[in-house]
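[1] fold the stuff below for me.
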Amino acid sequence: MPGSRRRKPSRPRRWVWWLVGAAAAVVVLAVGGTFLYIHVISGPAPAPLGLKSTSGPSSSPSAAGSGTTSVGGAWKITNGSVVGYRVKEVLFGQHTTAVGRTSAITGHVTISGTTVTAAGFTVQMATIKSDESQRDVQFRGRIMDTAAYPTGTLTLTKPIALGALPAVGVVKTYAATAKLTLHGQTRPVTFPLSAERTSGEIEVSGSIPVLFSRWDIPNPSFTGFVTTQNHGVLEFLLKLARS
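    The predicted structure follows:
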């Protein structure tokens, strides 16, 4: 019509679709990159700590072999001991297991005859490391606050009767009652532990379920990136030598 103006084609829609496509590409790259890192580059999480012989049938008191020697006396934690955590997490939709460990452990065990009368170990929490530096920063800061609570401890509160000593190399399982201190909070715990005599040493392993809220530990989830369960596992493998 005379005097009417022609409207120029609108272009904003192109920008909208471009932004949507770019956002989708970022998501795909994030998820794909995370999948590649977890399943190809990083690889599977380390196996749980434990005694190698525990994969076989559990031994019983009747499994004691000939030639057993006294284990009475004082023992101390020595080289090769490891303590750490294990927590299931979801990173950008990909399921994985976060594992952190340290060998900065001190401790002792006292055995009178065939009864463990005292035992405990202390861990320097800031030395616990995983395969991710950013996870470690969160662990030392927001989660465990290692500056305020530098150590974690496990102390036996009830004697353990060992009974008949098994032969060297035979694993035996016992029930342990102790108090566990994490994040400045001390709580009672009961858990199974496995022990094995080797040539001149004793090896002990165990794992303790840790419900974060019970020790006032903030949930490790990191908004928008990582979500975790509300619990994890404290695991240990201790090598003891005579003091």
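
[2] show me the contacts for the residue nearest to Ala126 when sequence neighbours are not counted.
    Closest residue to Ala126 apart from its sequence neighbours, by C-beta to C-beta, 6 or more residues apart in numbering: Thr146 at 4.1 Å. (Each C-beta comes from the backbone N, C-alpha and C, glycine too.) Residues in contact with Thr146 (C-beta atoms under 8 Å, 6 or more residues apart in numbering) are Met125, Ala126, Phe139, Arg140.

[3] mind checking what secondary structure Thr146 has?
    coil (DSSP: H, G, I helix; E, B strand; the rest coil).

[4] swap in Thr186?
    Assignment for Thr186 (three-state DSSP): strand.

[5] pLDDT wise, what is the closest residue to it other than its chain neighbours at?
    Spatially, and ignoring its direct neighbours in sequence, Thr186 is nearest to Lys179 (5.3 Å; C-beta to C-beta, 6+ apart). Lys179 carries a pLDDT value of 98.

[6] name the element Lys179 belongs to?
    Element membership of Lys179, judged by DSSP states H and E, is strand 171-182.

[7] adjacent strands (with direction) for that strand?
    Strand 171-182 pairs in its sheet with strand 151-156 (antiparallel), strand 185-197 (antiparallel), by DSSP bridges.

[8] pLDDT averaged over the last one - what is it?
    So that's strand 185-197. On average, strand 185-197 scores 97.

[9] ok, Val109 - contacts?
    So Val109 contacts Ala74, Trp75, Lys76, Val116, Ala118, Ala119, Ile202, Val204, Leu240 (C-beta under 8 Å, 6+ apart).

[10] following the chain onward from the helix or strand where Thr106 lies, which element is next?
    Thr106 belongs to strand 105-112 when assigned by DSSP H and E. Per DSSP H and E, the first helix or strand lying C-terminal to strand 105-112 is strand 115-124.

[11] and that next one, which residues are buried?
    Buried residues in strand 115-124, counted by 16 or more other C-beta atoms under 10 Å: Val116, Ala119, Gly120, Phe121, Thr122, Val123, Gln124.

[12] direction included, what does that strand pair up with?
    With DSSP bridges as the test, strand 115-124 pairs up with strand 105-112 (antiparallel), strand 151-156 (antiparallel), strand 160-161 (antiparallel).

[13] how about JSON lines for the ones you listed, with distance to Gln134 and mean pLDDT added?
    As requested, the strands paired with strand 115-124 are exported to JSON lines (distance: least, C-beta to C-beta, whole Å; pLDDT from 0 to 100):
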{"stretch": "strand 105-112", "distance to Gln134": "25", "mean pLDDT": "98"}
{"stretch": "strand 151-156", "distance to Gln134": "22", "mean pLDDT": "98"}
{"stretch": "strand 160-161", "distance to Gln134": "40", "mean pLDDT": "98"}
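
[14] a markdown table for the ones you listed, including distance to Val170?
    Below are the strands paired with strand 115-124 laid out as a markdown table (distance: least, C-beta to C-beta, whole Å):
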| stretch | distance to Val170 |
| --- | --- |
| strand 105-112 | 17 |
| strand 151-156 | 22 |
| strand 160-161 | 17 |
